[in-house]
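Colleague: need coordinates for the following:
(one chain, ligands or ions: 2)
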Amino acid sequence: MHCNGSCRQYKAESNSREGGRYEQGQKRCPQCELFIEWEGLWCPCCGRLLRTKPRARKLKQRLALKHAME
Ligand SMILES: [Zn+2]
Ligand SMILES: [Zn+2]
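Modeller: Ligands and ions are numbered 1, 2, ... in the order given. The predicted model follows:
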């Protein structure tokens, strides 16, 4: 399934509040490539599983360290 534009009505407004967007309950659809405010786990537009957590920072740091040692 592809993005049909219906996700726009759920589009999360960017704001200046502290904290990440995931912490504010916003979810990101990898297919539609935008943050939406939606209760469900799946995108109401394309049906993809929504990302609800930021990428693990620890893993990234570990990978960076590994690269530095190589
Ligand atoms: Zn969409
Ligand atoms: Zn979507």
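Colleague: so who does the nearest residue to G47 once chain neighbours are set aside touch?
Modeller: Distance criterion C-beta to C-beta, 6 or more residues apart in numbering; nearest residue to G47, sequence neighbours excluded, is M1 at 4.8 Å. C-beta coordinates here come from the backbone N, C-alpha and C atoms, glycine included. Residues near M1 by C-beta atoms under 8 Å, 6 or more residues apart in numbering: Q31, C46, G47, R48.
Colleague: quick one: which two of those residues are the most distant?
Modeller: Largest separation among the contacts of M1 by C-beta to C-beta: Q31 and G47, giving 8.2 Å.
Colleague: between the two, tell me which one has more neighbours.
Modeller: Neighbour count, other C-beta atoms under 10 Å: between Q31 and G47, Q31 has more, with 16 against 11.
Colleague: if I read this right, that one contacts L49, doesn't it?
Modeller: No - with contact defined as C-beta atoms under 8 Å, Q31 does not reach L49; the gap is 9.5 Å.
Colleague: which residues of the protein score low on pLDDT?
Modeller: Residues of the chain that meet the criterion pLDDT under 70 lie in 15-17, 55-63, 65, 69-70.
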